[in-house]
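Student: Can you look at this prediction? I've put the sequence above it.
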Amino acid sequence: MFERFTKDARDTVRDAVALVADRGVDKVAPEHLLLALAAQEQSTAARLLHEHGVTAADLESGGAQAGPAGLTDEEVDALRAVGVDTDEVFRRMRESFGPDALRPDPAARRPRKRGRLGGTFDADAKKVLELSLRETIALEQRGIDTGHILLALLRHGLSAPMAAVLTRQGLTYDGVRERVRDAGDEAA
């Protein structure tokens, strides 16, 4: 199937693999594919994302970016909702274990495995890549482009924080599908 990917789509997959390797993560997930799309400049999906004001930084901050003690804002809010004084807990942790107690340990990151393409994809990322082929076929287009990957991500679903960023910026499956169809017609 990879031979049907356009250059931009191949670059997206490679960038997602590199992203997880840089972060010491085991597997590529759909969120990594979306981040790779948003980091591009001229691909179909990148243009669509940028036209809607979506950037990789927006997705990162709306995504599961960890705060103190590796907790997301939602997790801290959930603790507060059940009566936990998180500010006091974090203060005591710093007091007991030092000012850097709540920072992630950079030594805990795994080293990047260089020269390896096609890193491990989780089941959801594999499904997204499969759906990108289905989107291409449904639109009666030849090559799998970044727009098809974006459609597949929207069709399959993303983590709640990243999906919220896309929804907030007005990015919908139907709207993207129309634009991808037009882009494919122009390329033909």
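Tutor: Structure's in. What do you need? Numbers count the residues shown, from 1 in each chain.
Student: How many neighbouring residues does residue 54 have?
Tutor: When neighbours are counted by other Cβ atoms under 10 Å, residue 54 registers 23. C-beta: built from backbone N, CA, C; applies to glycine.
Student: swap that for residue 133, please
Tutor: 15.
Student: for the helix or strand that contains residue 131, what is the average pLDDT?
Tutor: Residue 131 belongs to helix 123-138 when assigned by DSSP states H and E. The pLDDT scores in helix 123-138 average 95.
Student: got the angle between the helix or strand just after it and helix 123-138?
Tutor: Sequence order places helix 146-156 as the next helix or strand after helix 123-138, per DSSP H and E. Here helix 146-156 points in a direction 120 degrees away from that of helix 123-138 (axes from the mean of the first three to the mean of the last three Cα atoms, to 10 degrees).
Student: Tell me the secondary structure of the residue positioned nearest the centre of the chain, please.
Tutor: Centroid-nearest residue in the chain: residue 31, 2.4 Å away (criterion: Cα atoms, centre = their mean). Classification of residue 31 using DSSP: H, G, I helix; E, B strand; the rest coil returns helix.
Student: Find me the pLDDT at it, would you?
Tutor: Listed pLDDT for residue 31 reads 94.
Student: That one reaches residue 157, doesn't it?
Tutor: No - judged on Cβ atoms under 8 Å, residue 31 makes no contact with residue 157 at a distance of 10.8 Å.
Student: Let me see the ranges of the helices in the chain.
Tutor: Here the chain has its helices, by DSSP state H, at 7-23, 30-39, 44-51, 56-62, 73-81, 86-97, 123-138, 146-156, 160-168, 173-187.
Student: Can you give me the buried ones in the last one?
Tutor: To tie it back to what came earlier, the one meant is helix 173-187. Using 16 or more other Cβ atoms under 10 Å as the test for burial, helix 173-187 gives 176, 177, 179, 180, 181, 183, 184.
Student: Near residue 141, how many other residues are there?
Tutor: Neighbourhood size, residue 141 [other Cβ under 10 Å]: 19.
Student: Great, nothing more from me.
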